[in-house]
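Here is my input, please return the structure:
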Amino acid sequence: MPLLALLSGILLSGITPIFVRLAETDPAATGFWRMVLALPLLVLVPASPAPMSRADSRRLVLGGVAYGADLAVWYWAIKLTSVVNAQLLAFSYPLWVALFLAFGRGDRLGGRTWLALALALGGGAAVIGGKLGFAVPDRGAAGYLGDGFGLLAALFYAVTLLAQSDARQRVDSRRVLLLTSLAAAAVLLPVALLDKGPFVPATASGWLLLAAFSASAQLGQLLVVHALGRLRVTFAAVTGGLYIAVGAVAAWVTLGEALGPMQLAGMVAVVAGVSLAERQRPAEA
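The predicted structure follows:
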């Protein structure tokens, strides 16, 4: 069931920030190991014998490069601007997906879709703001550059989501995730090697944590990719608000980070947005 796969994928992806915070490696290195450690498990996933076109291969490589760039610039956004700014700007990707579909591809998005997007974006912003507070840091060139990186992260992820959704109409989930992950890893590897943080864990438990992180995150991504074959990409984008909500709940359970009234109200708004969003593609509606 595509909806169950999407929600399960978001649930698994929503707990990944906990792994990142506990990892012994630099964030860029953590992202690289996330992409590669679980790749052998993809042999267990059924694949279609149908050949993949060069156009779809190029599309997925582009999506993977954008995904690697998304993680890389997101890391720099957190360094250069406030965490709340970085998260809010990076979560604007559902808007860019919708704007591309409406004005770049000429799709008709009804008022229901735009309302669902507004609820998801507003709810996600409330969850993030309720957790971190809306304090404005001292502004300078670095701060504005960090804001720009946060916005770039959203644009890059929008490219990834659109590329995967398009290719998924013809390509099986395993090859979609395989090409995306390899291309993303190729981008993240030089970033991780050039950074000052540790590239490999110092302990066996650190490796086990990375392996668990990779398996959880990649399984979540595989479920999302599978769902993209049947669900509207706008619906998948709107459900990104659930990722933020799940992350907040996971931080509350595992790290003791309390949930305030603003966060709870934001979660309600996100759920309302997801319930309003149109799920099926036009051909199946």
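
so for stretch 277-285, what's the average pLDDT?
Taken as a whole, stretch 277-285 has a mean pLDDT of 58.

Measure how buried Ser53 is and give me the count.
Close neighbours of Ser53, defined as other C-beta atoms under 10 Å, add up to 12. Every residue, glycine included, has its C-beta placed from N, CA and C.

what about the nearest residue to it once chain neighbours are set aside, which SS state?
Counting by C-beta to C-beta, 6 or more residues apart in numbering, Ser53 lies nearest to Arg170, which is 7.3 Å off, once chain neighbours are set aside. Classification of Arg170 by DSSP: H, G, I helix; E, B strand; the rest coil places it in coil.

Packing partners of the helix or strand hosting Thr234?
Secondary structure from DSSP states H and E places Thr234 in helix 233-238. Applying 3 or more C-beta pairs under 8 Å, 6 or more residues apart in numbering; DSSP states H and E, we find helix 233-238 packed against helix 93-99, helix 111-132, helix 141-167, helix 204-228, helix 261-276.

wait, doesn't Ala184 sit right on Ala72?
No - with contacts counted by C-beta atoms under 8 Å, Ala184 stays clear of Ala72, the gap being 9.5 Å.

Identify the contacts common to these two.
Gly31 (C-beta atoms under 8 Å, 6 or more residues apart in numbering).

which one of the two has more residues nearby?
When Ala184 and Ala72 are compared for neighbours, Ala184 comes out ahead with 27 against 24, by other C-beta under 10 Å.

Spatially nearest residue to that one (excluding sequence neighbours)?
Counting by C-beta to C-beta, 6+ apart, the residue nearest Ala184 is Gly68, at 3.7 Å.

The one you found is in contact with Leu182, isn't it?
No - with contacts counted by C-beta under 8 Å, Gly68 stays clear of Leu182, the gap being 9.8 Å.

So the two - more neighbours on which side?
Gly68 (28 against 16).

three-state assignment of that one?
helix.

quick one, what contacts it?
So Gly68 contacts 31, 35, 183-188 (C-beta under 8 Å, 6+ apart).

For Ala125, see how far away Thr203 is.
38 Å (C-beta to C-beta, to the nearest Å).

Looking at the two, which one has more neighbours?
Ala125 (21 against 9).

how close does that one get to Val238?
Noted for Ala125: a distance of 14 Å to Val238, by C-beta to C-beta.

same thing with Gly150?
20 Å.

neighbour-wise, which of the two wins?
Taking neighbours as other C-beta under 10 Å, Gly150 and Val238 compare with Val238 leading, 29 against 26.

coming back round to it: show the model's pLDDT score for the residue nearest to Ala184.
93.
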